[in-house]
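Asks: How does the following fold in three dimensions:
(2 chains)
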Protein chains: 2
Amino acid sequence: MTHLLEIEAQLAATPALLDAWLRPLPPGWTARNEGDNTWSPFDVVGHLIHGEKADWIPRLRIILEHGERQPFEPFDRFAQFKDAEGKTLGDLLEEFSLLRAQSLASLRRYALTEADLERPGTHPALGRVTVRQLLTTWMVHDLDHVTQIARVLAHQYRDDVGPWRAYLRVISGTQG
Amino acid sequence: MTHLLEIEAQLAATPALLDAWLRPLPPGWTARNEGDNTWSPFDVVGHLIHGEKADWIPRLRIILEHGERQPFEPFDRFAQFKDAEGKTLGDLLEEFSLLRAQSLASLRRYALTEADLERPGTHPALGRVTVRQLLTTWMVHDLDHVTQIARVLAHQYRDDVGPWRAYLRVISGTQG
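Replies: Residues are numbered from 1 along each chain as shown, chains lettered A, B, ... in the order given. Predicted coordinates for the structure are as follows:
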């Protein structure tokens, strides 16, 4: 169960990492995105909150209770724009931290075995997925949005780095 | 000077963000890289430490004291492999936090004006660069390595996400 321990460690660390990172930054910076139909760091934290409410533990519950028979609900990737209205980034960071702690408590109550990790469910678009894939994706999804936040913050400074741009993959877009 | 305030805020936040993120993760995970000649999260923190010692403030000092006449020393991108020998990730995180705080104290002592930000220096490979470009690059370099750490951690789980791989840019390598 090494993998599950690692996954839980990252899931538990994400709220603290985002708080240490984003709370001290000027709000004008964390509200900027990469252009039309892109997300700011503020929007990303809102999206992570919606995942805790509607995605990860609810989908785990569907697999454990119904197996492959009941497909997951499709996930609303735009819910955060309505849900976060009138809130500050500090509000969202606190809400995310609370919801994530509740999700992890739910996960631990299931006390999943190795056999449970191989139990299958049905994703509405991707088809057959397992509990292991769901939990791993939950964690990697955090990491995906960490890279997005870094990229969006860096985007605002893409001109000010001058010739160093060639060395900065977060701006040049190469993954090298 | 909005930009300088934002840059300083990110530079100050990076040690706390890395500490909140990496200290709770199992050491076996943070020691893994992406294959031959790639860096683990442990190596990246070592590289950031070397930057505080040899790169950012020393280069700022060269510009302010000598202008374009004295090119920067080339930066050793592999110093961390020797310097970090026998240390734990916790040791490195503490060292980075201390050195970064000292760097920021040095930066503030310079009390840079808008005019100072346009002063030019000479990069050994890139040629003419300004103080503004140096300071912006210092901050974006942090963000670049944040994305690298996320990518390297995710890399270890590239198979376990199953069909979700298509949605996870940190694994699929697209920047979309």
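Asks: so the nearest residue to A:Ala125 once chain neighbours are set aside, which of the three states?
Replies: Nearest non-adjacent residue to A:Ala125, counting by CB to CB, 6 or more residues apart in numbering or on different chains: A:Pro74, 7.6 Å away. C-beta: built from backbone N, CA, C; applies to glycine. Recorded secondary structure, A:Pro74: coil (DSSP: H, G, I helix; E, B strand; the rest coil).
Asks: Run a quick neighbour tally on A:Pro74.
Replies: Neighbours of A:Pro74 under the rule other CB atoms under 10 Å in any protein chain shown: 10.
Asks: Mind naming the longest helix for chain A?
Replies: Looking across chain A with DSSP state H, the single longest helix is helix A:131-155.
Asks: mind listing the strands for chain A?
Replies: Assigned by DSSP state E, the strands in chain A fall at A:120-123, A:127-130.
Asks: Need the winner for burial among those.
Replies: strand A:120-123 (a mean of 18; mean count of other CB atoms under 10 Å in any protein chain shown).
Asks: among the strands of chain A, which is nearest B:Lys53?
Replies: strand A:127-130 (46.5 Å; CB to CB).
Asks: Pairing partners for the closest one, with directions?
Replies: Strands adjacent to strand A:127-130 in the sheet, as given by DSSP bridges, are strand A:120-123 (antiparallel).
Asks: Does the longest helix of chain A reach chain B?
Replies: Yes. Using CB under 8 Å from any CB of the partner chain, helix A:131-155 reaches chain B at A:132-133, A:136-137, A:139-141, A:143-144, A:146-148, A:150-151, A:153-154.
Asks: For that helix, enumerate the helices and strands it packs against.
Replies: Judged by 3 or more CB pairs under 8 Å, 6 or more residues apart in numbering or on different chains; DSSP states H and E, helix A:131-155 is in contact with helix A:2-22, helix A:41-54, helix A:56-66, helix A:114-117, helix A:169-172, helix B:131-155, helix B:169-172.
Asks: and the third one, which residues are buried?
Replies: Put plainly, it is helix A:56-66. Residues A:Trp56, A:Ile57, A:Pro58, A:Arg59, A:Leu60, A:Ile62, A:Ile63 are the ones in helix A:56-66 that count as buried (16 or more other CB atoms under 10 Å in any protein chain shown).
Asks: Turn those into CSV, including pLDDT and distance to chain B.
Replies: Output for these, formatted as CSV (pLDDT from 0 to 100; distance: CB to the nearest CB, whole Å):
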residue, pLDDT, distance to chain B
A:Trp56, 96, 12
A:Ile57, 97, 16
A:Pro58, 96, 16
A:Arg59, 97, 11
A:Leu60, 97, 14
A:Ile62, 97, 16
A:Ile63, 97, 13
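Asks: and the closest residue to A:Thr14 other than its chain neighbours, how many neighbours does it have?
Replies: Counting by CB to CB, 6+ apart, A:Thr14 lies nearest to A:Asp142, which is 4.5 Å off, once chain neighbours are set aside. Using other CB under 10 Å, A:Asp142 is surrounded by 24 other residues.
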